[in-house]
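Visitor: Compute the structure for the input listed below.
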Amino acid sequence: MVKKTTGISQILGNEKFQLALILLLALLLFTLNIGRIPFTDGDTLYYAKMARNMLETGNWLTLQYNIGSSDIHSKPPLMIWMMAASFKLFGVNEFGGTIWHSLLSVLTVLLVYLLGREMFGRRTGLASAIILLTMAQFFYMARSPLMDMPLTLFITASLYSYYLFEKRRNLAFFYLTPVFMALAFLTKGPVGLALPALTIFIYILVNRKWPFKKAGNNLLHIILGVMVFLLVAAPWFVIEYIKFGKQFLDVFISSNFGRYLRPIDLTGQEAGLAIPTKPQYNFYQYFLEIFVLVIPWSGFVYPALFYSYKKKELQYPFIWTAVVILFFTLSLNYKVSRYILPAYPALALLIGRLTSEWLNGKKDTTKLIRIANLTNMFFVIPVLILAIIWLGLTFKQASPYYMPMILPFLIVMCVCLIAGSTAFLLNKKLASVSLYASVAAVSYLVLILLTAIYLPVALPIKEISEKINSLAKKGDIVCQYKGTNPTFIRYYVRQEVRYLADKDQLVEMLASNKKVYCMTENTSGVEYAQKQLKSRIRVIETKGPYTLFGN
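Guide: I've put the predicted structure just below:
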């Protein structure tokens, strides 16, 4: 006679309860202290300034970095709209700029669970969701308001919709697919269409199975799908084209298509150098970086890909992963690590399936899981240890500010990898997977708590900018001398900010009759100005590595 499970065991084993715990963990990791931690990415502040300008001008159509400027920006507006709406609801601050993005990240975790459950069952869905939210770069990107996470959400939603259509033959899901593609397109441009469309197209070719039985129906519904896509994606582009004409089209095409085949960006512009970006032929980069980007699941990536290569039920996420990574690998532009974020949901599904099958006792998974754990133990852990040493030796000046944040995180992550792989060696299957996930989550909590304490000290640009706002009057000059991306100070200071990289130009400005307030990380610039102008130069405030000085 089977004994019926009751009480706590029944609750803990309940699927809805387990999913709720995973989503609550995601919410905690993605939102804790977001209002206390300053923005850390210059691109985030670039978008945040345009979102704030939307509120100030009431112009929600044309993106403006500088109010009144006629500059045309190459990115679509959906992310800026979402950030501006969040600012409207929660205030123009770090919390308002981040909370909407964190919630989209939680939704991405939920979609991966739903897709994993639909494909392989409850256990794989739950495993895939927790693997995704504990991947290092996914965690970081969930707290960094950039276009890549909304793009990942909409691509995941479009591919989930198509999978549901193919499985259930419900036309509503077929037409939801181009809707989500259009939202991805409005988030980051053509890549939002190219990645899901290529994935579906290659999947159809591999399986030699068109969505509809009759050729005429395929053509009809594809045409209608294109019309749905255009109905959602096209209006903003049409309006901007009517407003700016060919110039808008040239900027958009050059930025979104031209840079893929031939880099068009210029580096060193703030320093007055304007060096053209060289084509990047390092096609191996993402294949190596992935070991660091998805810690603690680094060792599982290639075993999971190998496991899924010839399994028909895993074709869809395998093709999805391959399309995203190869698409950006073949680009000659920057190999920015966050660009491959749209592959992570699919990769989480593959790793989730491999680990679930292993936990279920499937024999052909044992060798692959052994490789995964040994890779973590003998490759990833040494890399982390070397990273700790390298950080300490390379960033001697910055280490007093950044090492208290980074070092404990790296140590706990090392413990995570050691604990997970040791449990595997002891043949504790569930403990091994659980330790990887739970200790990784602890490492992220440690990082969040320490970052809230130390980052405002290490990056006090907001405080210095507020000081400038309280002192500077109309007509005064505000500048930054060398150092950090000036997008930071340009966001927080409510007037024009100049950037200088030449010390003689700095002295010339300070010697003028105008009042000057200048921020710098470069103490030699302050010392040079004091030597040239003596008592005319005064240090107003020093915070962490930054100095605010003026005449």
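
Visitor: Gln480 belongs to a helix?
Guide: No - Gln480: not assigned to a helix; according to DSSP: H, G, I helix; E, B strand; the rest coil it is strand.

Visitor: Count residues in the vicinity of it, would you?
Guide: Neighbourhood size, Gln480 [other C-beta atoms under 10 Å]: 26. C-beta: built from backbone N, CA, C; applies to glycine.

Visitor: do the same with the one 3 residues further on
Guide: The burial count assigned to Gly483 is 19, neighbours taken as other C-beta under 10 Å.

Visitor: Could you do the one 4 residues further on as well?
Guide: Around Thr487 there are 22 other residues, counting by other C-beta under 10 Å.

Visitor: domains of this structure?
Guide: The chain breaks down into these domains under automatic domain parsing: 10-360, 380-459, 461-550.

Visitor: Export those domains as JSON lines, with columns for mean pLDDT and distance to Ala372.
Guide: Compiled in JSON lines, the domains of the chain are given as follows (pLDDT from 0 to 100; distance: least, C-beta to C-beta, whole Å):
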{"stretch": "domain 10-360", "mean pLDDT": "92", "distance to Ala372": "4"}
{"stretch": "domain 380-459", "mean pLDDT": "89", "distance to Ala372": "8"}
{"stretch": "domain 461-550", "mean pLDDT": "90", "distance to Ala372": "38"}
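
Visitor: In CSV: those domains, plus distance to Ile369.
Guide: Shown next, in CSV, are the domains of the chain (distance: least, C-beta to C-beta, whole Å):
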stretch, distance to Ile369
domain 10-360, 5
domain 380-459, 7
domain 461-550, 42
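
Visitor: Select, out of those domains, the one closest to Lys367.
Guide: Lys367 sits nearest to domain 10-360 of all the domains of the chain, at 8.5 Å, using C-beta to C-beta.

Visitor: would Trp210 count as being in a strand?
Guide: No - Trp210 is assigned coil when assessed by three-state DSSP, not a strand.

Visitor: can you give me the helices for the stretch 1-150 of the chain?
Guide: 7-12, 15-31, 42-57, 78-90, 94-120, 122-133, 136-142, 148-168 (DSSP state H, counting those that start in this stretch).

Visitor: now for the domains of the chain, which one comes closest to Asn373?
Guide: domain 380-459 (4.3 Å).

Visitor: Tell me how far the closest one lies from the chain's centre.
Guide: 19 Å (C-alpha atoms, centre = their mean, to the nearest Å).

Visitor: hang on, the earlier thing: quick one, which of the domains of the chain gets closest to Ile371.
Guide: So among the domains of the chain, domain 10-360 is nearest, using C-beta to C-beta, at 5.2 Å.

Visitor: can you count the residues close to the closest residue to Gln137 other than its chain neighbours?
Guide: Nearest residue to Gln137 in three dimensions, chain neighbours excluded: Leu293, at 4.2 Å (C-beta to C-beta, 6 or more residues apart in numbering). The number of residues packed near Leu293 is 23, by other C-beta under 10 Å.

Visitor: any idea how far Ser308 is from Leu293?
Guide: Taking C-beta to C-beta, to the nearest Å as the measure, Leu293 falls 19 Å from Ser308.

Visitor: got it, and Leu384?
Guide: 27 Å.

Visitor: in the stretch 251-400 of the chain, which spans are helices?
Guide: Here the stretch 251-400 of the chain has its helices, by DSSP H, counting those that start in this stretch, at 259-261, 285-293, 301-308, 315-329, 344-359, 366-375, 381-394, 399-425.

Visitor: among those, which is nearest Ala452?
Guide: Comparing the helices of the stretch 251-400 of the chain by C-beta to C-beta, helix 399-425 comes nearest, at 9.4 Å.

Visitor: For the very next helix or strand once past the closest one, could you pull out the residues that count as buried?
Guide: Using DSSP states H and E, the next helix or strand after helix 399-425 towards the C-terminus is helix 429-458. Residues of helix 429-458 classed as buried: 429, 431-433, 435-441, 443-448, 450-452, 454-458 (neighbour count, 16 or more other C-beta atoms under 10 Å).

Visitor: do stretch 242-250 as well
Guide: Phe244, Phe248.

Visitor: May I ask you to confirm that Ala440 is in contact with Asn376?
Guide: No - in this structure, Ala440 is not within contact of Asn376 by C-beta atoms under 8 Å, at 11.6 Å.

Visitor: Find the residues that touch each one of the two.
Guide: Common contacts of Ala440 and Asn376 (C-beta atoms under 8 Å, 6 or more residues apart in numbering): Pro296.

Visitor: Show me how far stretch 238-247 is from its chain's centre.
Guide: Offset of stretch 238-247 from its chain centre (C-alpha atoms, centre = their mean): 30 Å.

Visitor: Sorry, slip of the keys, the one I care about is stretch 52-59.
Guide: On C-alpha atoms, centre = their mean, the centre of stretch 52-59 falls 25 Å from the chain's centre.

Visitor: Just the C-alpha atoms of it, please, in PDB.
Guide: Extracted as PDB, the C-alpha positions of stretch 52-59 are listed here (Å, rounded to 0.1, in the frame of the first residue of the first chain):
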ATOM      1  CA  ARG A  52      14.000  61.700 -18.900                       C
ATOM      2  CA  ASN A  53      14.000  64.100 -21.900                       C
ATOM      3  CA  MET A  54      10.800  62.500 -23.100                       C
ATOM      4  CA  LEU A  55       9.100  63.400 -19.800                       C
ATOM      5  CA  GLU A  56      10.500  66.900 -19.800                       C
ATOM      6  CA  THR A  57       9.600  67.700 -23.400                       C
ATOM      7  CA  GLY A  58       6.400  65.600 -23.800                       C
ATOM      8  CA  ASN A  59       7.800  64.400 -27.100                       C
END
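
Visitor: Distance check, the residue nearest to Gln137 against Gln285.
Guide: Going from Leu293 to Gln285 by C-beta to C-beta gives 11 Å.
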